[in-house]
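[1] My questions are about this predicted structure, shown below with the sequence.
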Amino acid sequence: MQIPKTITLFYIIILGLTLGAGLYAGVVVAPVTFNSEIYLQSEILTRFQEGLIMSENFQRLGFLVTFTVLCVALYEGYKYKMHDRDIFTTIPAFIVITSGLLYAHYYIPQILELQKEGESMTESKVFENTHFASELDFKLFTLALLILLSRTLYRNLRT
């Protein structure tokens, strides 16, 4: 039994929306937020305050990431169960699911906990390493999402 085209279209839209939101957050929101003095004409916000604003942005993005992970698990899981699978879809789907869950349910909560401990904690090696790992994880998530979206489009446009 094949998946209805409307569900596939919804799936493609969710993948594209999440990819676009992730790229926008990383390419536009983060650089603007962490360079607020350029746009405000003075240093009104500290680096710590800018980090708090960014954390709120990424925490909200985490809700979309979690929803997307659920959609990927259901859609790709169903296709896998129906023996409609290929390695170029299965691997990126697995990476999207694992890296998305790590991002939304491990890194973001850990960063928020470290921020609650105060400004000095955000200057620590622990925070720096956690932040760096979360950036790598999100880049991996975004790349896998792009591959999954491309592969899904390719497979559905040729049929």
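    Okay, I see it. Numbers count the residues shown, from 1 in each chain.

[2] Which other helices and strands does the helix or strand harbouring residue 73 contact?
    Assigning secondary structure by DSSP states H and E places residue 73 in helix 47-81. Under the contact criterion of 3 or more C-beta pairs under 8 Å, 6 or more residues apart in numbering; DSSP states H and E, helix 47-81 touches helix 5-24, helix 30-33, helix 87-102, helix 108-116, helix 125-157. (Glycine included, C-beta is placed from N, CA and C.)

[3] hmm, try it at 7 Å
    Identification of packing neighbours for helix 47-81 by 3 or more C-beta pairs under 7 Å, 6 or more residues apart in numbering; DSSP states H and E yields helix 5-24, helix 30-33, helix 87-102, helix 108-116.

[4] and those, which is most packed in?
    Scoring those by mean neighbour count under mean count of other C-beta atoms under 10 Å gives helix 87-102 as the most buried, with a mean of 19.

[5] Low-confidence stretches in the chain?
    Scanning the chain for pLDDT under 70 picks out 159.

[6] so residue 76 makes contact with residue 93?
    Yes: in this structure residue 76 lies within contact range of residue 93 using C-beta atoms under 7 Å: 4.1 Å.
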